[in-house]
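Colleague: Kindly generate the corresponding structure for this input.
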Amino acid sequence: MNVYKFIVLAFLFCIIYAKDEPRFLVYGTNVTVVVGRDAALTCKIENLQNYKVAWLRVDTQTILTIGPHVITKNHRVGVSHGDPQAWALILRDVRFSDRGYYMCQINTDPMITQTHHVQVFVPPDIVDSGSSGEVTVHEGDNVTLYCSASGTPQPTITWRREDSTEIRIEDQNVTKWSGVWLNITSVGRELNGAFLCIATNGVPPSVSKRILLHVLCAPSASMMQKMIGGYIGDTVLLRCRIEANPIPDVYWTHIDENKLTDHTKYQTSIISVSYKHTATLKINNISREDIGPYYCYAENSLGSTRDDVTLYTLVPTTVISSTNITEVIIEEPTTLITLHPYAELEMKEADPDIFSVEDNFVAILSRHQMQNLDLSPSS
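Modeller: Down below sits the predicted model:
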């Protein structure tokens, strides 16, 4: 009988003793935090009694806290005990060096511990020193752009044009390209401009770097109209489209091939957007001396070119039919004007002192032809 009593008492003692021993209520946690923010690691303990809870940094074996007290001199470390069963280690303004394992420890005999892990994520950042800067290449050559980025997780790199136009890479036209390298073969002048290298890793914000690609090319010129007409005394604009890089020197000439300079008669201007330029010659108060061909010249260090436009005058009149006179022909619906060396004017509607039979760029139009004449710029 005494033996049975002893067994029962021993059993009850074990139950009571086991119940009073501290134990962890939850498992260790894996905490992910973005650099610069705060993180909390929590131990939940039952039956702590008079035992103490301590937090340690595993890799350095540094004691951070014991009970409610912070032991380390790191001012970013704190401890929270708002819940009677919870002991939380607080890491403020987390740095990348804070990543690693932390241990929650209870000073029982033997000691019991629980391990927690901190993963620190870092937003992407482009490494300027390891990435391409401004790049200059001749048209037709190959070019390689490189973009280096850091961050956790490792960022991915996406390339695109700043204006979102397509890029031809590996025999395909794409608006975006992934990879740290951007290889372009036989670069065309249309790629002159800015490329964006964009780094992302799921941690906002994404970042980008603007890389300028300068494609050097010899000038090409094209007049917006090959022939343009105007009335005596009017003002006309001659426009020349030019593609060139570097920016070209542009000038205009008339029949005598002398350069036209700015004054009350002529004004020149040029508007440049990237490698495209629009040169304009404004001719004021048109007279008979202004008719004829005009040449637009463009020159840079890689070459030179020119294109021409013919200015003719318009005279509203009635054409007199004669076997010796060839009238102006207007073909509909294209309103194509065929110019002839000269035409005789009806004196009642045109001043003989204005034009003579020696004028080679005079278009004589009837009132009906004037109404149907389309002088809008050609495309």
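Colleague: starting at the chain centroid, how far to stretch 63-73?
Modeller: Distance, stretch centre to chain centre, for stretch 63-73: 51 Å (C-alpha atoms, centre = their mean, to the nearest Å).
Colleague: what's next to that stretch, contact-wise?
Modeller: If you take C-beta atoms under 8 Å, 6 or more residues apart in numbering as the criterion, stretch 63-73 is touched by 52-57, 62, 74, 77-79, 81, 89, 102. C-betas here are computed from N, CA, C, even on glycine.
Colleague: Buried residues, that stretch. List them.
Modeller: Counting neighbours by 16 or more other C-beta atoms under 10 Å, one finds that the buried residues in stretch 63-73 are 64-66, 70-71.
Colleague: Out of the contacts of stretch 63-73, flag the one nearest to residue 221.
Modeller: Out of the contacts of stretch 63-73, the one with the shortest distance to residue 221 is residue 74. That distance is 69.6 Å, counting by C-beta to C-beta.
Colleague: Pull the contacting residues for that closest one.
Modeller: residue 64.
Colleague: SS state for it?
Modeller: Secondary structure, DSSP: H, G, I helix; E, B strand; the rest coil: residue 74 is coil.
Colleague: How about the one 5 residues further on?
Modeller: Local secondary structure at residue 79 is given as strand here, using three-state DSSP.
Colleague: from memory it sits against residue 91, does it?
Modeller: No: contact status for residue 79 versus residue 91: not in contact, 10.8 Å apart, counting by C-beta atoms under 8 Å.
Colleague: Looking at those two, which is more packed in?
Modeller: Higher neighbour count among residue 79 and residue 91: residue 91, with 22 against 19, using other C-beta atoms under 10 Å.
Colleague: State the distance from the more buried one to residue 168.
Modeller: 50 Å (C-beta to C-beta, to the nearest Å).
Colleague: next one: residue 20
Modeller: Relative to residue 168, and taking C-beta to C-beta, residue 20 is found at 76 Å.
Colleague: again with residue 68
Modeller: In this structure, residue 68 and residue 168 are 66 Å apart, going by C-beta to C-beta.
Colleague: With residue 72 instead?
Modeller: Residue 72 sits at a distance of 58 Å from residue 168 (criterion: C-beta to C-beta).
Colleague: now residue 284
Modeller: If you measure residue 284 against residue 168 using C-beta to C-beta, the figure is 45 Å.
Colleague: what's the answer for residue 116, then?
Modeller: Relative to residue 168, residue 116 is positioned 52 Å away (criterion: C-beta to C-beta).
Colleague: Which one's more surrounded, the two?
Modeller: residue 116 (21 against 15).
Colleague: OK, contacts around the more buried one?
Modeller: Per C-beta under 8 Å, 6+ apart, neighbours of residue 116: 28-31, 41, 89, 101-104.
Colleague: cutoff 6 Å now
Modeller: Shown in contact with residue 116 (C-beta atoms under 6 Å, 6 or more residues apart in numbering): 28-29, 41, 102.
Colleague: any idea which of those is closest to residue 108?
Modeller: Proximity of these to residue 108 was ranked by C-beta to C-beta; the top entry is residue 28 with 17.3 Å.
Colleague: got a pLDDT number for the closest one?
Modeller: The model reports residue 28 with a pLDDT of 95.
Colleague: and it, what is it in contact with?
Modeller: Contact criterion C-beta under 6 Å, 6+ apart gives 114-116 as the residues in contact with residue 28.
Colleague: try it again with 8 Å
Modeller: Counting by C-beta under 8 Å, 6+ apart, residue 28 makes contact with 104, 114-117.
Colleague: ditto for residue 214
Modeller: Shown in contact with residue 214 (C-beta under 8 Å, 6+ apart): 134-137, 192, 245.
Colleague: Redo these as TSV? Include distance to residue 216, neighbour count and secondary structure.
Modeller: Written out in TSV, the entries for these read as follows (distance: C-beta to C-beta, whole Å; neighbours: other C-beta atoms under 10 Å; DSSP: H, G, I helix; E, B strand; the rest coil):
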residue	distance to residue 216	neighbour count	secondary structure
134	13	10	coil
135	11	16	strand
136	7	11	strand
137	7	17	strand
192	9	20	coil
245	5	23	strand
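Colleague: Dump these into JSON lines; add pLDDT and distance to residue 257 as well.
Modeller: JSON lines is the format used below for the contacts of residue 214 (pLDDT from 0 to 100; distance: C-beta to C-beta, whole Å):
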{"residue": "134", "pLDDT": "95", "distance to residue 257": "39"}
{"residue": "135", "pLDDT": "97", "distance to residue 257": "39"}
{"residue": "136", "pLDDT": "97", "distance to residue 257": "34"}
{"residue": "137", "pLDDT": "97", "distance to residue 257": "35"}
{"residue": "192", "pLDDT": "96", "distance to residue 257": "32"}
{"residue": "245", "pLDDT": "97", "distance to residue 257": "27"}
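Colleague: Break the protein into its domains for me.
Modeller: As recorded under automatic domain parsing, the domains making up the chain are 20-121, 127-216, 219-313.
Colleague: okay, how far is it across the shortest one, tip to tip?
Modeller: From the first residue to the last, domain 127-216 extends over 27 Å; the measure is C-alpha to C-alpha, to the nearest Å.
Colleague: same question, the last one
Modeller: One end of domain 219-313 to the other measures 31 Å (C-alpha to C-alpha).
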